[in-house]
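> Sequence and predicted structure below; questions after.
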Amino acid sequence: MSAVLNRLRRAQGQLAGVIAMIEAGRDCKDVVTQLAAVSRALDRAGFKIVASGMRQCLAHSEADAPPMTEEELEKLFLALA
């Protein structure tokens, strides 16, 4: 999970940069380029969570909940696409 946290912190910093760029009136192209980088960072964090937890989600779940089905995992994964 530390890799995921690092990705999310990086995305948080990039997003703060995008906000600062907009406030400073920076060029639209530059803003969109940085916003795309934030989006990719968030996507990668989400994919990492799903990839690292897929096996665990199938086998173990919260105390009272049944394990996730393959269909539920597929839906979760596709939510990131």
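All right, it came through fine.

> rest of the way, CA atoms for contacts and neighbours
Will do.

> for this protein, what spans make up the helices?
Assigned by DSSP state H, the helices in the chain fall at 2-23, 28-59, 70-78.

> Give the buried residues for the first one.
Looking back up the chat, that one is helix 2-23. Val4, Arg7, Leu8, Ala11, Gln14, Leu15, Gly17, Val18, Met21 (16 or more other C-alpha atoms under 10 Å).

> Tell me how far the helix or strand of the chain with the lowest mean pLDDT lies from the chain's centre.
In the chain, no helix or strand scores lower on mean pLDDT, DSSP states H and E than helix 70-78, which sits at a mean of 79. Centroid separation for helix 70-78 versus its chain: 16 Å, with C-alpha atoms, centre = their mean, to the nearest Å.

> Please name every helix or strand in contact with that helix.
helix 28-59 (3 or more C-alpha pairs under 8 Å, 6 or more residues apart in numbering; DSSP states H and E).

> Greatest separation within the buried residues of helix 2-23: which pair is it?
Maximum pairwise distance in these, criterion C-alpha to C-alpha, is 25.5 Å, between Val4 and Met21.
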